[in-house]
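Visitor: What follows is a predicted structure for the sequence shown.
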Amino acid sequence: MGAPTYFIYPHGCSASRPGCLSLRSLKNLSLTFSRLSEESIKALLDSCSSLRSFTYEAGIRAYDGHHDPWDGTDHFRLIHAVDHLKRHGGTLESLHLNLRRRGNWPDVSDPYSRALVSFRQFRVRKHLFLNLDEFHTMFWERSIEGDCQLLVDLLLPSLESLHLAGHIVDDLPRLEKSLLGLMAASLEGEFPKLREVRWSGFEEVRQARAIRTAFASKGVDFDYGYWPVTESTLGDGGQTPLANCMDPMLDLEDFDI
C-alpha cells in the first residue's frame, strides 16, 4: 500500500503563524470562511510539499470598529496565491480560489492591482475555479483588442474543467470575447482535454447561445453555474471570527503530518 492521503478542512481561520506547521504528507487542503494575509498563505502552502487539491474561500473581514468589513487590504491577492502555489505546480490537480468576500483593494496605484497572472506553469492542472472580480485589473492592463487571448494566456492546456464566478458588470462584453477566444483556441486543438466551462448564472452573457453552440462542436459543455459561499457556523451574521479563533494553530507548534 502507498502512503496515506490526508485531508484537512479548517473553517473560519484568520491567521497562521509562519514556521509552526509541517504538513509534508498533506495532499488535499480546504479552507472555508477564512481570512489569511499573504504571509499566512505563504506559510501554509510552504509547509506542504505536494498538494493535489487546494480550496480556499475568503470570509468577510471581522468588524473591529476601525475598518470597513469590505476593506480587503488585510487579505492576500490572487497573484500572491498563484506565486506561492508554484511549489505545487507539478502535483496540483484542482484549484478553487473563491475571493468574492475578500473585499476591495482601494489603492489602484498598488503594483499588485494590475498584476497579470497565469497558470501555465502548473503542469497537472485539471480543474480551476476563479472569481472574476479579480479580473477587473487584468482587463485594465490589457487592451480591448487582446481580450480574446485573456483566458488562453491564463490557462494550462491540460485543463479539463473551468468554473468562473463573480460580478464584473461593465466588463461582461470583454469576458464574452475571452470565452470566444478560448473556444477558438479549443477548436484549434490547444485545450484538447477541456470538457466543461461554467460562468455565473447571476450575469448572463449576451452571446450565450453562440458560445454554447461553438463549445459543443468541440465536445465542451458550456452552461451557467451557482456557487454559494460557506457561511459562518457561529450565528454571528456572517462575520469572520475574532479573538480565540484568530490563530487556529496557536497550540500546534509541534503539529507534523
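Guide: Structure received.
Visitor: Might you calculate how far stretch 215-229 sits from the centre of the chain?
Guide: With C-alpha atoms, centre = their mean, to the nearest Å as the basis, stretch 215-229 stands 17 Å off its chain's centre.
Visitor: gap between the two ends of that stretch?
Guide: Stretch 215-229 has an end-to-end distance of 28 Å (criterion: C-alpha to C-alpha, to the nearest Å).
Visitor: What lies in contact with that stretch?
Guide: Under the criterion C-beta atoms under 8 Å, 6 or more residues apart in numbering, residues 33, 57, 98, 100-101, 129, 163, 165, 179, 183, 186-187, 194-202, 204, 208, 211-212 lie in contact with stretch 215-229. Where C-beta positions appear, they are placed from N, C-alpha and C, glycine not excepted.
Visitor: And these, which of them are buried?
Guide: 33, 57, 98, 100-101, 129, 163, 165, 179, 183, 186, 194, 196-200, 211-212 (16 or more other C-beta atoms under 10 Å).
Visitor: Of these, which belong to helices?
Guide: If you go by DSSP state H, the buried ones among the contacts of stretch 215-229 have 179, 183, 186, 211, 212 in helices.
Visitor: Give the next helix or strand downstream of the helix or strand containing residue 209.
Guide: In this assignment (DSSP states H and E), residue 209 forms part of helix 208-216. Beyond helix 208-216 on the C-terminal side, the first helix or strand identified by DSSP H and E is strand 221-225.
Visitor: what about stretch 104-114, average pLDDT?
Guide: Taken as a whole, stretch 104-114 has a mean pLDDT of 59.
Visitor: Kindly report the same for stretch 130-138.
Guide: 68.
Visitor: Which secondary structure state is assigned to residue 203?
Guide: With DSSP: H, G, I helix; E, B strand; the rest coil as the basis, residue 203 sits in coil.
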